[in-house]
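> Model the following, please.
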Amino acid sequence: MINSNRHPVMFKQLQEDIQAVFDRDPAARNTLEVLLTYPGIHAVLMHRAAHQLWQHQFKTTARGLSLFNRFLTGIEIHPAAKIGRRLFIDHGMGVVIGETAEIGNDVTLYHGVTLGGTTWQKGKRHPTLEDGVVVGAGAKILGPFIVGKNAKIGSNAVVTKAVPSDVTVVGNPARYVEKNTAKSASQLLGNTDQETNPNTIIDYAKSIGFQPYAIAPNLPDPVAEAFRILLNHMQSTDRRIDTMCHTMQELNPSFCDKKNQPIQADDLPIIQDINAATHTKPMKRRQKS
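Residues are numbered from 1 along each chain as shown. Model prediction:
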């Protein structure tokens, strides 16, 4: 049976959950309203009960409670998922948390978030969110990796690789937010060939502030940024080629000469054949019609 000594602990956790709502949602007005009208609170409470049932081998009952939780709140949490303290699920509709997912303390999830897996194999297949992580609306975090402390996942981002602490990622696939460029997480993680300053990424992420709905005036567009870099490179290459041509022309005036070569006598029959073929084709079409 479930230990009744956990009741004071669960009551303290409930107090913390309610305070977390006041800390992170300016729309919250009073405790009664939070208890009665916030589906995120209901989902967390029912999950804790389902999780206890799951751990004590009442797995079918736990799954039934989880199903009722989904019906009541629109939030689906597998009873085996491990959730820390002060989790805040804002709005909550469409949130899915998989079986082997682990969530630390002071995590915030917005509606439409998925903590999912990418394999049918048993074992760890869902992400681990460390303390202080914020996941924006509609974001998908897929796979058995770690999202570091205080990381921010932007709205509708698709994250399939580990995310270090204290960074903001946006887009599909997820990229780090940086002031002058947006680099993919796969490039930045473990890539010693590129010079990256983590402090620059962290400072910029703090300067723009995290936007759970991906609304910010100066977020870089990764595709537009890539085109800008390519165009700059093309212009730089053209300037270098022009400089080389001018230098070579000083040594040899005929080098890089752009003037057309005069027509040779041997070229005349070829030109006449082309002209004749051009003039005869319209005549053939008229005969057919």
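> how far away is residue 63 from residue 51?
Residue 63 is 12 Å from residue 51, where distance means C-beta to C-beta, to the nearest Å. Any C-beta I mention is one placed from the backbone N, CA and C, and that applies to glycine too.
> anything in contact with each of those two?
residue 79 (C-beta atoms under 8 Å, 6 or more residues apart in numbering).
> Looking at these two, which is more packed in?
residue 51 (20 against 16; other C-beta atoms under 10 Å).
> ok, which stretches of the chain are helices?
6-24, 31-37, 39-55, 59-73, 185-188, 198-208, 222-251, 268-288 (DSSP state H).
> Could you check the angle the fourth one makes with helix 39-55?
With axes from the mean of the first three to the mean of the last three C-alpha atoms, to 10 degrees as the criterion, the two stretches helix 59-73 and helix 39-55 enclose an angle of 170 degrees.
> can you list contacts of helix 59-73?
Taking C-beta under 8 Å, 6+ apart as the rule, helix 59-73 contacts 39-40, 42-43, 46-47, 49-51, 53-54, 75-79, 92.
> 6 Å - rerun?
39, 42, 43, 46, 50, 53, 54, 76, 79, 92 (C-beta atoms under 6 Å, 6 or more residues apart in numbering).
> Select from the helices of the chain the stretch with the lowest mean pLDDT.
In terms of average pLDDT, helix 185-188 trails the rest of those, at a mean of 43.
> nearest residue to residue 16 other than its sequence neighbours?
Using C-beta to C-beta, 6 or more residues apart in numbering and skipping the chain neighbours, the partner closest in space to residue 16 is residue 86 (5.0 Å).
> Next one: residue 26, what pLDDT does it get?
The predicted local confidence for residue 26 is 85.
> Could you count how many residues lie near it?
7.
> so where is the stretch 51-200 of the chain shaky, pLDDT-wise?
Applying pLDDT under 70 to the stretch 51-200 of the chain flags the ranges 178-200.
> give me that answer again for 80
174-200 (pLDDT under 80).
> Bridged to the closest residue to residue 82 other than its chain neighbours, which residues?
Closest residue to residue 82 apart from its sequence neighbours, by C-beta to C-beta, 6+ apart: residue 102 at 4.5 Å. Residue 102 forms beta bridges with residue 82, residue 128, as assigned by DSSP bridges.
> State the distance from residue 239 to residue 153.
In terms of C-beta to C-beta, residue 239 sits 41 Å off from residue 153.
> Settle it for me: which of the two has more neighbours?
residue 153 (28 against 10).
> tell me the contacts of the residue nearest to residue 16?
Contacts of residue 86 (C-beta under 6 Å, 6+ apart): 16, 20, 105, 106.
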